[in-house]
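Q: Need the 3D shape of this:
(chains A and B)
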Amino acid sequence: MEILMSISMILLAVAIFGLLFQSVNSFNNLLKK
Amino acid sequence: MNTEILGVILIFLLSVAMAWPLGKYMVKVFRGDKTWTDFMSPLERFVFKLSGIDPSQPMDWKQNLKALLGINIFFFLFAFLALVLQSAHPFWNPVGIGNWEPTLAFNTAVSFTTNTNLQHYSGETGASYFTQLLVFCWLQFVSAGTGIAACALLFQGLKNETGSNLGNFYNLMVKSCTRILLPLAIVLSLILTINGSTTNFEGLKEVTTLEGATIQVAGGPTAPMVSIKQLGTNGGGYFGPNSTHPFENPNYLTNIAENIAILLIPMALVFAFGFYLNRKKLAMLFFGVMSVLFIAFVAISVSEEMKGNPAFTEMGLAANQSNMEGKEVRFGPAASSLWGVSTTSTSNGSVNSMHDSHTPLSGGIFLLDMFINAIYGGVGVGFINFFVFVIVAVFIAGQMIGRTPDLLGKKIEAREVKIAALVVILHPFLILVGTAMASYGLVQNPDYGWLNNPSYHGFSEMLYENTSASANNGSGFEGLGDNTPFWNILTGIIMLLGRYLPIIGPLAIVGSLSAKKPVPTTSGSLQLDTPAFGAVLISVILIVAALAFFPALALGPLAEYFIF
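A: Numbers count the residues shown, from 1 in each chain, chains lettered A, B, ... in the order given. Predicted coordinates for the structure are as follows:
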């Protein structure tokens, strides 16, 4: 259970960082318009 | 004049006096000029060689941001794994402290990576010496270095005539740690150690009290961690009670030194802006705007705490006493209030009194400080947040007088204002949605038992927790049972979004401005370094930050004030 929860927490953080990386591209697209 | 007030004035003036030369020095570090800390070069070269990074490689805003995010994922993963596997550490765990529960490890790893240092644990019982030094203390350096480096990239973007190179994030981050934070931390660490902060690895010590009882007292390498927690506007204390603990903040002298350390780098970065861009008058205007708000907030908080709690008088206790509940006698109400305003203005988050026990208006001021989050602000990010307010103010002022808004010779267009508006809205969005979720959860399930206080004060406790997470402050109103999966995950998500999006947005704006051709300054250009623009800027900050949160303030500290 602890291991599953730990993996979930890592995945959550990685997903949010993924969104943040994506936001760099989104802001870049917004600036190009 | 009351000596307590004199102490407050002295701390503020000393901070300003020390910030000016530090700002000059920081600019030399950012530019790569010769400095007295050049002897750190071999260490820096070793770090770059080990990590395979070329610090001289020019990078645009996107490359810099991707580097920033990439290295911060690594910081998070390292901290998280170190916490969930704490009992496996080979050394520096004399008491044998065990592994962390995953949601608490997630919250704490995010908290230290994002320079927030919200602590849902108690350091002396939850963390080994290994964790305190090689995870928490180290992250307090590199997360502060991340903020300073981001600010230096912003300066370069504003300085560029035309071009996309903002500098190299890795180079700026490492040098911020080795040449700015480390030397200052060594000096402060020595001051604290000489005055009684512990610096040892001896584990628990048995002590016989005056009553003859035997108790165990935790020591440890406190002074090094406290010094960087203040200088890097981190706030992550070695002990649970933070800087109220006598080993973290032994006397009034260390209180002065630590309070100056909280304000020093955020103030110095405002001056550094002036030196870097050769716009000293504008930097002084920015510093003036921040200082007007800071001094007004300190005056309100000090006066409320020195007036005392009328409920005590009504109960027949001694009249005309200042509010000493939750405060240390060795600091008194004025120094506690100054610290409270300093720590919430700069997103530091360390405390030398219990904020929960401050009078309602004083507690409301602490919240307002974090809502604005740009009065000096956290190291680096404070100035970046302030820059967003400047963009909005330039746009509004330009519209008001019918002139094309331009900032430092670069035209501001709809796309930059859109990004600035998104960043401005994000902070209230995260705080208010988080507080609404917590309030709803509590109403639906009253047996959660998070709150130690009912009614308005209980609402303020939940509002404060979300605000502290979004502002990357890390202080707690306390009175809230925050080590639960709900709070650990909610504030973890808020801290991540509240940290990086307000860095990504402004750096995208300067990246865009940097690539534009400068427009010639004419009599039609908007003059920024004037008192009129200063007044517009203060109005924008108060309207945007204060009004967005007014309903929440009315339900919490203001309602409590009127029934006080």
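Q: Show me what from chain A comes close to chain B.
A: Those residues of chain A that sit near chain B, judged by Cβ under 8 Å from any Cβ of the partner chain, are A:2, A:5-6, A:8-10, A:12-14, A:16-17, A:20-21, A:23-24, A:27-28, A:30-31, A:33. C-beta coordinates here come from the backbone N, C-alpha and C atoms, glycine included.
Q: Report the buried members of these.
A: In the residues of chain A next to chain B, burial by neighbour count holds for A:5-6, A:9-10, A:12-13, A:16-17, A:20-21, A:23-24, A:27, A:30-31, counting by 16 or more other Cβ atoms under 10 Å in any protein chain shown.
Q: is the helix or strand where B:F74 lies up against chain A anywhere?
A: Using DSSP states H and E, B:F74 sits in helix B:61-84. Yes - if you take Cβ under 8 Å from any Cβ as the test, helix B:61-84 does meet chain A, through B:K62, B:L65, B:K66, B:L69, B:N72, B:I73, B:F76, B:L77, B:F80, B:V84.
Q: Count the neighbours of the fifth one for me.
A: By the criterion of other Cβ atoms under 10 Å in any protein chain shown, B:N72 has 21 neighbours.
Q: re earlier: considering the residues of helix B:61-84 next to chain A, which possesses the most neighbours?
A: Result: B:L65 is most packed of the residues of helix B:61-84 next to chain A (other Cβ under 10 Å), 27 neighbours.
Q: Would you agree B:V27 is in contact with B:G274?
A: No - here B:V27 lies out of contact with B:G274, judged by Cβ atoms under 8 Å, at a distance of 9.1 Å.
Q: one step back: other SSEs contacting the helix holding B:F74?
A: Using 3 or more Cβ pairs under 8 Å, 6 or more residues apart in numbering or on different chains; DSSP states H and E as the contact criterion, the neighbours of helix B:61-84 among helices and strands are helix A:2-32, helix B:102-113, helix B:138-159, helix B:169-175, helix B:485-515.
Q: any chance of those in CSV, with mean pLDDT and distance to B:R31 too?
A: Below are the helices and strands packed on helix B:61-84 laid out as CSV (pLDDT from 0 to 100; distance: least, Cβ to Cβ, whole Å):
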stretch, mean pLDDT, distance to B:R31
helix A:2-32, 94, 26
helix B:102-113, 96, 28
helix B:138-159, 95, 9
helix B:169-175, 96, 11
helix B:485-515, 94, 17
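Q: Among those, which comes closest to B:A257?
A: helix B:138-159 (17.2 Å; Cβ to Cβ).
Q: is chain A contacted by that closest one?
A: No - Helix B:138-159 lies out of reach of chain A by Cβ under 8 Å from any Cβ, never closer than 12.7 Å.
Q: who does that helix touch, helix- and strand-wise?
A: In terms of contact count using 3+ Cβ pairs under 8 Å, 6+ apart, helix B:138-159 is assigned the packing partners helix B:3-31, helix B:61-84, helix B:102-113, helix B:169-175, helix B:222-231, helix B:252-277, helix B:381-401, helix B:485-515.
Q: For stretch B:282-300, which residues meet the burial criterion?
A: Counting neighbours by 16+ other Cβ under 10 Å, one finds that the buried residues in stretch B:282-300 are B:282-287, B:289-291, B:293-294, B:297-298, B:300.
Q: So which bits of the stretch 401-550 of chain B are right by chain A?
A: Contacts of the stretch 401-550 of chain B with chain A, taken as Cβ under 8 Å from any Cβ, map to B:415-416, B:418-419, B:489, B:492-493, B:496-497, B:500-501, B:504-505, B:508, B:511-512.
Q: Of these, keep whichever come out buried.
A: Among these, those classed as buried by 16+ other Cβ under 10 Å are B:415-416, B:418-419, B:489, B:492-493, B:496-497, B:500-501, B:504-505, B:508, B:511-512.
Q: how distant is stretch B:339-350 from the center of its chain?
A: The chain centroid and the centroid of stretch B:339-350 are separated by 7 Å under Cα atoms, centre = their mean, to the nearest Å.
Q: residues near residue 7, how many?
A: Let's take chain A. Residue crowding around A:I7 was assessed by other Cβ under 10 Å; the count is 11.
Q: Wait, chain B was what I had in mind.
A: The number of residues packed near B:G7 is 19, by other Cβ under 10 Å.
Q: What distance do you get for the residue nearest to it when sequence neighbours are not counted to B:K327?
A: With Cβ to Cβ, 6 or more residues apart in numbering or on different chains as the criterion, B:G7 has its nearest non-adjacent residue at 5.7 Å, and that residue is B:A335. With distances defined as Cβ to Cβ, to the nearest Å, the gap from B:A335 to B:K327 amounts to 9 Å.
Q: Which of these two has more residues huddled nearby?
A: For B:A335 versus B:K327, the count of surrounding residues by other Cβ under 10 Å is larger for B:A335: 24 against 21.
Q: Report the secondary structure element holding the more buried one.
A: Here B:A335 is covered by helix B:332-345, with elements defined by DSSP H and E.
Q: Which neighbouring elements make contact with that helix?
A: Helix B:332-345 sits against helix B:3-31, helix B:252-277, helix B:280-307, helix B:360-372, with contacts defined as 3+ Cβ pairs under 8 Å, 6+ apart.
Q: circling back to that earlier point, return the member of the buried residues of stretch B:282-300 nearest to B:G220.
A: Checking the buried residues of stretch B:282-300 against B:G220 with Cβ to Cβ, the nearest one is B:V298 at 32.7 Å.
Q: And the closest one, how far from B:V292?
A: Per Cβ to Cβ, B:V298 is found 11 Å from B:V292.
Q: and residue 16, what does it touch?
A: The chain I'm using is chain A. When contacts are counted by Cβ atoms under 8 Å, 6 or more residues apart in numbering or on different chains, A:I16 is found next to B:I493, B:L496, B:L497.
Q: should've been chain B
A: Residues counted as contacts of B:V16 (Cβ under 8 Å, 6+ apart) are B:M267.
Q: Distance check, it against B:A152.
A: Separation of B:V16 from B:A152 (Cβ to Cβ): 22 Å.
Q: for B:L13, same thing?
A: Where B:A152 is concerned, B:L13 sits at a distance of 27 Å (Cβ to Cβ).
Q: Wait, a strand at B:Y238?
A: No - judged by DSSP: H, G, I helix; E, B strand; the rest coil, B:Y238 forms no part of a strand; its state is coil.
Q: I'd like the next helix or strand past the helix or strand harbouring B:I431.
A: B:I431 belongs to helix B:414-444 when assigned by DSSP H and E. Moving toward the C-terminus from helix B:414-444, the first helix or strand encountered (DSSP H and E) is helix B:455-470.
Q: give the contact list for whichever residue of the stretch 151-300 of chain B sits closest to chain A.
A: Of all residues in the stretch 151-300 of chain B, the one sitting closest to chain A is B:S164 (11.7 Å; Cβ to the nearest Cβ). Applying Cβ under 8 Å, 6+ apart to B:S164 gives the contacts B:D60, B:W61, B:G511, B:S514, B:A515.
Q: thinking again about what came up before, taking their axis directions, the helix holding B:F74 and helix B:102-113 sit at what angle?
A: Here helix B:61-84 runs at 140 degrees with respect to helix B:102-113, directions being taken by axes from the mean of the first three to the mean of the last three Cα atoms, to 10 degrees.
Q: can I get the CA coordinates of helix B:61-84 in CSV?
A: This file holds the C-alpha atoms of helix B:61-84, laid out as CSV (Å, rounded to 0.1, in the frame of the first residue of the first chain):
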residue,chain,number,x,y,z
TRP,B,61,13.7,32.1,-22.4
LYS,B,62,12.3,28.7,-23.4
GLN,B,63,15.6,26.9,-23.0
ASN,B,64,16.1,28.6,-19.6
LEU,B,65,12.7,27.6,-18.3
LYS,B,66,13.0,24.0,-19.5
ALA,B,67,16.3,23.9,-17.7
LEU,B,68,14.7,25.3,-14.5
LEU,B,69,11.8,22.9,-14.6
GLY,B,70,14.0,19.9,-15.5
ILE,B,71,16.4,20.4,-12.6
ASN,B,72,13.5,21.1,-10.2
ILE,B,73,12.0,17.7,-11.0
PHE,B,74,15.3,16.1,-10.1
PHE,B,75,15.3,18.1,-6.7
PHE,B,76,11.8,16.8,-6.0
LEU,B,77,12.5,13.1,-6.8
PHE,B,78,15.7,13.2,-4.7
ALA,B,79,13.9,14.7,-1.7
PHE,B,80,10.9,12.4,-2.0
LEU,B,81,12.9,9.2,-2.2
ALA,B,82,15.2,10.4,0.7
LEU,B,83,12.1,10.9,2.9
VAL,B,84,10.2,7.7,2.1
